[in-house]
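Trainee: Fold the stuff below for me.
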Amino acid sequence: MHSSVVISDVHKTFKSGKTEVKALQAISLEVKPGELFGLIGPDGAGKTTLFRILTTLMIPTSGTATVDGFDVVKDFKSIRQRVGYMPGKFSLYQDLSVEENLAFFATLFNTSLEENYDLVKSIYQQIEPFRKRRAGALSGGMKQKLALSCALIHRPSVLFLDEPTTGVDAVSRKEFWELLHQLQQHGITIVVSTPYMDEAGLCERVALIQEGRILQIDTPKAITSGFRKPLWSVRAEGMYQLMLDIRKMPEVESCYPFGQEHHVVFRQTLNEDEAKRLIQPVAASNLEVKRIDATIEDCFMDLMHV
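Mentor: Okay, the predicted model is just below:
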């Protein structure tokens, strides 16, 4: 069985006056049929550009890509019948109601909500009470569910979701990922991009992308277990100054803010007392130092500094 998505040495360059911007550089990856694959990276990393190429909205500068065995340049019409695409920006008709938007997208693909109801049932049931409401008047979470329903209306074999949970509350984010896992049971291949590193663990495999380059591709567990350096969490009064001072220490390889704490990698293996003794001179008060396990974000930060 062929892979659902195959990308081989794809480059994309944009020209802005005399300047060339390399949005994608030597991107190569494969997504297996039925897989939930994550493209993880910050804003401006190249995620949306790659999605636009895979959904035939943009042509690569060089390299090749196939979706469901069809070439994104030569077979764009076939691909458009087979993929569902949910762009990062809400792209439905704000003045149409929920049911009017669904009917419109169903008509585009010569189908109906009833025909593929088993696929969208779990999503549609949540938005059905608002079916007469204008799409523009829905909450962020409901808008996402409507957009997902419209992307699924023609039963695509591959679903591309570009930052679907950005700007959505925590409860809606959790519900949305539960819906994606349900969709997998229908055999749909799902490729989802997100800037939220904590969502990486919800994917079967992920590609970490930064500045148009793939840093690593693996399962979330394999990526975090591959972090071999001792990692420490540090907290104290005056966190900003503390970070600046820790970064100046010759014993420290890296130090970066992580929520309410700093994550620190020392150049040598230390026990807790030794780590505390090293940082104590630059800490104001209430110093807390503890050894921690690496997250995907820690691995990402480490790969960026390689």
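Trainee: give me the low-pLDDT residue ranges for this structure?
Mentor: Counting by pLDDT under 70, the chain has low-confidence residues at 1, 306.
Trainee: rerun that using 80 as the cut-off
Mentor: Residue ranges of the chain with pLDDT under 80: 1-2, 90-91, 167-168, 284, 305-306.
Trainee: where along it do the helices fall?
Mentor: 47-54, 76-82, 98-108, 117-127, 140-152, 170-184, 220-225, 239-248, 272-279, 296-304 (DSSP state H).
Trainee: Just tell me which of those helices ends up closest to residue 35.
Mentor: Closest to residue 35 of the helices of the chain is helix 170-184 (Cβ to Cβ; 8.3 Å). Just so you know, the C-beta spots here come from the backbone N, C-alpha and C atoms, and that holds for glycine as well.
Trainee: got the buried residues for the closest one?
Mentor: Across helix 170-184, burial judged by 16 or more other Cβ atoms under 10 Å covers 172-173, 175-177, 179-180, 183.
Trainee: wait, which of those is closest to residue 243?
Mentor: Of all the buried residues of helix 170-184, residue 243 sits closest to residue 173, with 28.6 Å by Cβ to Cβ.
Trainee: Correct me if wrong: the closest one contacts residue 166.
Mentor: No. Contact criterion Cβ atoms under 8 Å: residue 173 and residue 166 do not qualify, at 9.4 Å.
Trainee: still on that earlier bit, tabulate the helices of the chain (a markdown table), appending distance to residue 23.
Mentor: Below are those laid out as a markdown table (distance: least, Cβ to Cβ, whole Å):
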| stretch | distance to residue 23 |
| --- | --- |
| helix 47-54 | 5 |
| helix 76-82 | 20 |
| helix 98-108 | 29 |
| helix 117-127 | 32 |
| helix 140-152 | 24 |
| helix 170-184 | 26 |
| helix 220-225 | 24 |
| helix 239-248 | 31 |
| helix 272-279 | 40 |
| helix 296-304 | 18 |
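Trainee: Of all those helices, which one is nearest residue 261?
Mentor: helix 239-248 (8.1 Å).
Trainee: which other residues reach the closest one?
Mentor: Contacts with helix 239-248, where a contact means Cβ atoms under 8 Å, 6 or more residues apart in numbering, come from 234, 236, 252, 255-257, 262, 264, 279, 282-284.
Trainee: just stretch 79-92 next, same as before
Mentor: With contacts defined as Cβ under 8 Å, 6+ apart, stretch 79-92 is touched by 48, 51, 54-56, 67-68, 70, 72, 101, 109, 135, 143, 146-148, 150-152, 154, 156-164, 166.
Trainee: now do 7 Å
Mentor: 48, 55-56, 67-68, 70, 72, 101, 135, 143, 146-148, 150-152, 156-164, 166 (Cβ atoms under 7 Å, 6 or more residues apart in numbering).
Trainee: What is the end-to-end distance of it?
Mentor: Here the two ends of stretch 79-92 are set 21 Å apart, with distance taken as Cα to Cα, to the nearest Å.
Trainee: Return the distance of that stretch from the chain's centre.
Mentor: 16 Å (Cα atoms, centre = their mean, to the nearest Å).
Trainee: Could you pull out the buried residues of that stretch?
Mentor: 79-80, 82-88, 90, 92.
Trainee: Out of those, list just those in strands.
Mentor: Counting by DSSP state E, the buried residues of stretch 79-92 place 83-86 in strands.
Trainee: Could you dump these into CSV and include distance to residue 224?
Mentor: As requested, these are exported to CSV (distance: Cβ to Cβ, whole Å):
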residue, distance to residue 224
83, 31
84, 30
85, 30
86, 28
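Trainee: Residue 20: which of the residues you listed is nearest?
Mentor: Taking Cβ to Cβ as the measure, residue 20 lies nearest residue 85 of these, at 27.3 Å.
Trainee: quick one: the closest one and residue 91, what's the gap?
Mentor: Applying Cβ to Cβ, to the nearest Å, the value for residue 85 to residue 91 is 9 Å.
Trainee: now swap in residue 305 and tell me
Mentor: Residue 305 is 36 Å from residue 91, by Cβ to Cβ.
Trainee: And residue 212, by the same measure?
Mentor: Residue 212 is 24 Å from residue 91, by Cβ to Cβ.
Trainee: what's residue 160 in contact with, if anything?
Mentor: Residues near residue 160 by Cβ under 7 Å, 6+ apart: 51, 54-55, 83-85, 191.
Trainee: Apply 10 Å and report the result again.
Mentor: 5, 39, 50-52, 54-55, 67, 83-87, 151, 189-193 (Cβ atoms under 10 Å, 6 or more residues apart in numbering).
Trainee: which residues does it bridge with?
Mentor: residue 85, residue 191 (DSSP bridges).
Trainee: Ok, residue 288 next?
Mentor: residue 235.
Trainee: i'd like the first residue to be 43 from this point on
Mentor: Right, with 43 as the first residue, what we last looked at is residue 330.
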